[in-house]
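1. Attaching a predicted model along with its sequence, questions to come.
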Amino acid sequence: MNPASLIFTALVVLQVGIILTGGAVRLTGSGLGCPTWPQCVGGSISPVPHQAQGALHSWIEFSNRLLTILLVLVIIAAVIGAYRWGKGRGDWKTIRFLALTQIMGIIAQIVLGGITVLTKLNPFAVSTHFLLSIVLVAASLSLRERIFAKARTTVLPTTKLLIRILIGLSVLVITLGTVVTGSGPHAGDIQAKRYHIDPRLISWIHADSVIALIALTVGLLLIIKVSESTENRSFIGKKVLLFLVICLCQGLIGYIQYFTHLPEALVAAHLLGASVIWLTIWNIGFKANAMTRNS
């Protein structure tokens, strides 16, 4: 693997990894394993022996912070790489913007992480922390795709519009998912505040949005089949079909976890599924928005 591929692939993986380790912190009740910020506990950056929060919770939370440090280093490498491999190209301004977004985003994430700890896992802070990660995942994927000039295609206006609607609907689904989480039992700490919303009601609203997402994806597949070129049916159609399969699997996991009272393993799988859904639909949107396609 060449240096560019290693750096920009690691960037995407670590942006998703932050989401997953954050979920592990929440699901294990380790949200306040390091009760202060930026130190873990008063007088120490790292956990200390016999810490009141318990060694396991402290190190789980601290590991999430360590991954953030690794992400910062990769972001620095990605920014340097963007200037090395992107400067002088026709889309240089976009590449530069996406690279700088990673810097500004991680700074915002560090600040939000501190606010989350200092507010004792306020659900609004936790939700915002997660949603910012979603933005940064999209930006990191776009940056990687542009650096490597991945194949893109021109689609019909109706197809492009539906893809954009799917992206917006995916954002809604994910946002509602954070509200479900902020109303449910996995708060990250037993004393954490929750949204004052009926968990059952918001869960069903979230489920309805997923059904709408699946239905619109089926509609998009049909439109691609009857109106797009043979080349586009292969290039974009297969990606949309994959997205549909992922959505169906995610919906199945969601229903099972709801009716089995949210076991941690299934909640973790659902969080991973949300990340994969977002990566997939954002990639489809990226592929379908160019004026020309390069093989």
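-> Here it is on my side, so go on. Numbers count the residues shown, from 1 in each chain.

2. what's the least confident helix or strand in the protein, going by average pLDDT?
-> Counting by mean pLDDT, DSSP states H and E, the chain has its least confident helix or strand at helix 230-235, which shows a mean of 92.

3. Extract the C-alpha trace of the strand or helix carrying residue 238 and format it as CSV.
-> Here residue 238, judged by DSSP states H and E, is contained in helix 237-259. C-alpha atoms of helix 237-259 as CSV (Å, rounded to 0.1, in the frame of the first residue of the first chain):
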residue,chain,number,x,y,z
GLY,A,237,-27.4,0.6,-9.8
LYS,A,238,-25.2,-2.0,-8.1
LYS,A,239,-24.1,0.5,-5.5
VAL,A,240,-27.8,1.5,-4.8
LEU,A,241,-28.7,-2.2,-4.6
LEU,A,242,-25.9,-2.7,-2.0
PHE,A,243,-27.3,0.3,-0.1
LEU,A,244,-30.7,-1.3,0.0
VAL,A,245,-29.3,-4.6,1.3
ILE,A,246,-27.4,-2.8,4.1
CYS,A,247,-30.6,-0.8,5.0
LEU,A,248,-32.6,-4.0,5.2
CYS,A,249,-30.0,-5.6,7.4
GLN,A,250,-29.9,-2.5,9.6
GLY,A,251,-33.6,-2.4,9.9
LEU,A,252,-33.7,-6.1,10.9
ILE,A,253,-31.1,-5.5,13.6
GLY,A,254,-33.1,-2.5,14.8
TYR,A,255,-36.3,-4.4,15.2
ILE,A,256,-34.5,-7.4,16.9
GLN,A,257,-32.7,-5.1,19.4
TYR,A,258,-36.0,-3.3,20.2
PHE,A,259,-38.0,-6.4,20.9
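
4. tilt between whatever helix or strand comes next after that helix and helix 237-259?
-> Along the chain past helix 237-259, the next helix or strand (assigned with DSSP H and E) turns out to be helix 264-287. Relative orientation of helix 264-287 versus helix 237-259 (axes from the mean of the first three to the mean of the last three Cα atoms, to 10 degrees): 160 degrees.

5. buried ones in helix 264-287?
-> Residues 264, 266-287 are the ones in helix 264-287 that count as buried (16 or more other Cβ atoms under 10 Å). To be clear about C-beta, it is placed using only N, CA and C from the backbone, and glycine gets the same treatment.

6. What's the mean pLDDT across it?
-> The predicted model assigns helix 264-287 a mean pLDDT of 96.

7. export that helix as PDB, just CAs?
-> Extracted in PDB, the C-alpha atoms of helix 264-287 (Å, rounded to 0.1, in the frame of the first residue of the first chain):
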ATOM      1  CA  GLU A 264     -25.400  -4.200  24.100                       C
ATOM      2  CA  ALA A 265     -24.000  -6.400  21.300                       C
ATOM      3  CA  LEU A 266     -27.000  -5.700  19.000                       C
ATOM      4  CA  VAL A 267     -26.800  -1.900  19.800                       C
ATOM      5  CA  ALA A 268     -23.100  -2.000  18.900                       C
ATOM      6  CA  ALA A 269     -23.900  -3.800  15.600                       C
ATOM      7  CA  HIS A 270     -26.600  -1.200  14.900                       C
ATOM      8  CA  LEU A 271     -24.100   1.600  15.500                       C
ATOM      9  CA  LEU A 272     -21.700   0.000  13.000                       C
ATOM     10  CA  GLY A 273     -24.600  -0.400  10.600                       C
ATOM     11  CA  ALA A 274     -25.400   3.300  10.800                       C
ATOM     12  CA  SER A 275     -21.800   4.100   9.900                       C
ATOM     13  CA  VAL A 276     -21.800   1.700   7.000                       C
ATOM     14  CA  ILE A 277     -25.100   3.100   5.700                       C
ATOM     15  CA  TRP A 278     -23.800   6.600   5.800                       C
ATOM     16  CA  LEU A 279     -20.500   5.700   4.100                       C
ATOM     17  CA  THR A 280     -22.400   3.900   1.400                       C
ATOM     18  CA  ILE A 281     -25.000   6.600   0.600                       C
ATOM     19  CA  TRP A 282     -22.400   9.400   0.700                       C
ATOM     20  CA  ASN A 283     -20.300   7.400  -1.700                       C
ATOM     21  CA  ILE A 284     -23.200   7.000  -4.100                       C
ATOM     22  CA  GLY A 285     -23.900  10.700  -3.900                       C
ATOM     23  CA  PHE A 286     -20.200  11.400  -4.700                       C
ATOM     24  CA  LYS A 287     -20.100   9.000  -7.600                       C
END
